[in-house]
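Chemist: Kindly generate the corresponding structure for this input.
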Amino acid sequence: MRNTNRTRSKPVGKSIDFPLSTGVQGKSIVVVGSSNTDMIIQINRIPRTGETVLGGEFMTAAGGKGANQAVAAARAGGNVTLVARIGQDVFGDRALAGFEHDGVHTGFIFRDKACPSGVAMIFVAKDGGNSIAVASGANMRLSVADVRKAQNVIARAGAVVLQLETPIGTVLRAAELAAGAGVPVILNPAPARRLPDKLMKLVSFLTPNEIEAELLTGIAVRDKATAARAADSLLARGVQTVILTLGSRGALVASRGRKQIVHGFKVKAVDTTAAGDIFNGALAVALGEGQMLIEAVRFANASAAISVTRPGAQPSAPKRSEIERLLRG
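Modeler: As a prediction, this is how the structure comes out:
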């Protein structure tokens, strides 16, 4: 890695010490979500509507927001169970083999006879930006009944991680089961969509990026002040803590009356695909280990920073030793 410089966290407004993250140190992480196969074309720039751009390089990689977060958490040192649905096809076979290789528990990954595994088509530009389209397949058949089968492992978890590439009713039920058992809920509200207050009130840690925060609040996040306003709006809807990710600038951590910027790491980005997923997986591990919240976010920032220096989604997720090396500077 090149140009890696650690920066100090600076408060916005009142400087505070956030409380311990979870109080459930050492417990497992449960991720409920999607699994896709990513088909990636690396090109000079993203095509406009109706335009064909030649000269790209093609690769396939394991992806899907839920699967990315599970693999990221496992490589960061977590004991991880993934609850997901995949097709009975070659993409599903490859996904299972990948999870087992990374040590992700697969007992609650269901094979769907009616739908194929999810796939995503990803354009990655020379500057690292990307454009993604997803065919959800079996992901949209992950059901409330599937989640109920995992109820016991959810109740024993240190944290449950959710996203929005599966049906919203399934996401809500997973949050209800976790919150009912006193398990912290991390919700990554992506892909961006409006969410019911019933779900928001169950969320311990909401992790939107700037675009997702704007969709949820109507506030365009352009700087620290607008990020703080968006965070306040989300807290008003019942979320306990907002961690608003700001790309290379790091993240704004906010709870009621408390805000702090946790700065990112300077790296040379080649592909930002799944950086948010890598952040969330690493965050869950740090929270489950009982790290102080600000340190947990720094750990997640470091993991995401490493990921953008590599192509692909799951292939970009760093190992624990790599994260710790960056944190040491």
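Chemist: okay, and for the protein, where does confidence drop off?
Modeler: Residues of the chain that meet the criterion pLDDT under 70 lie in 1-26.
Chemist: Which stretches in it count as strands?
Modeler: For the chain, the strands defined by DSSP state E occupy 10-11, 29-32, 36-42, 57-63, 80-87, 105-112, 118-124, 130-135, 159-162, 185-187, 205-206, 241-245, 251-255, 258-262.
Chemist: Return the set of buried residues in the fourth one.
Modeler: Translated: strand 57-63. 61-63 (16 or more other Cβ atoms under 10 Å). Just so you know, the C-beta spots here come from the backbone N, C-alpha and C atoms, and that holds for glycine as well.
Chemist: again with the third one
Modeler: Taking 16+ other Cβ under 10 Å as the neighbour-count basis, strand 36-42 is seen to contain the buried residues 36-38, 40, 42.
Chemist: Relative to it, what are the paired strands and their orientations?
Modeler: Strand 36-42 has its sheet partners listed here by DSSP bridges as strand 57-63 (antiparallel), strand 118-124 (parallel).
Chemist: got it, and the last one?
Modeler: The partner list of strand 258-262 in its sheet, established with DSSP bridges, is strand 10-11 (antiparallel), strand 251-255 (antiparallel).
Chemist: List the contacts of residue 70.
Modeler: 29, 31, 33, 80-82, 99, 104, 161, 281 (Cβ atoms under 8 Å, 6 or more residues apart in numbering).
Chemist: With adjacent residues omitted, what lies nearest to residue 283?
Modeler: Closest residue to residue 283 apart from its sequence neighbours, by Cβ to Cβ, 6 or more residues apart in numbering: residue 300 at 3.9 Å.
Chemist: need the contact list for the one you found.
Modeler: By Cβ under 8 Å, 6+ apart, residue 300 lies in contact with 251, 279-280, 282-283, 286.
Chemist: Now, of the residues you listed, which are buried?
Modeler: For the contacts of residue 300, a neighbour count by 16+ other Cβ under 10 Å gives the buried set as 251, 279-280, 282-283, 286.
Chemist: between those residues, which is closest to residue 134?
Modeler: Nearest to residue 134 out of the buried ones among the contacts of residue 300 is residue 280 (Cβ to Cβ; 17.6 Å).
Chemist: Ok, which of the strands paired with strand 258-262 comes nearest residue 129?
Modeler: Residue 129 lies closest to strand 251-255 among the strands paired with strand 258-262, at 19.5 Å (Cβ to Cβ).
Chemist: between the closest one and strand 241-245, how big is the angle?
Modeler: Relative orientation of strand 251-255 and strand 241-245, computed by axes from the mean of the first three to the mean of the last three Cα atoms, to 10 degrees: 170 degrees.
Chemist: Need the contact partners of strand 251-255.
Modeler: Contacts for strand 251-255 (Cβ under 8 Å, 6+ apart): 12, 18, 224, 227-228, 231-232, 235, 240-246, 259-262, 264, 279, 293-294, 297, 300-301.
Chemist: try it again with 6 Å
Modeler: For strand 251-255, contacts defined as Cβ atoms under 6 Å, 6 or more residues apart in numbering pick out 227, 231, 241-245, 260-262, 297.
Chemist: on that earlier part again, the buried ones among the contacts of residue 300 in helices, which ones?
Modeler: Secondary-structure check on the buried ones among the contacts of residue 300 using DSSP state H: residues within helices are 279-280, 282-283, 286.
Chemist: gap between the closest residue to residue 115 other than its chain neighbours and residue 188?
Modeler: Excluding its sequence neighbours, the residue lying closest to residue 115 (Cβ to Cβ, 6+ apart) is residue 138, at 4.3 Å. Distance of residue 138 to residue 188, given as Cβ to Cβ, to the nearest Å: 20 Å.
Chemist: closest to residue 209 among the ones in helices among the buried ones among the contacts of residue 300?
Modeler: residue 279 (9.3 Å).
Chemist: hang on, isn't the closest one packed against residue 305?
Modeler: No: counting by Cβ atoms under 6 Å, residue 279 sits too far from residue 305 to count as a contact (9.3 Å).
Chemist: how about residue 151, what does it touch?
Modeler: residue 177.
Chemist: Was I right to think residue 75 contacts residue 316?
Modeler: No: in this structure, residue 75 is not within contact of residue 316 by Cβ under 6 Å, at 10.2 Å.
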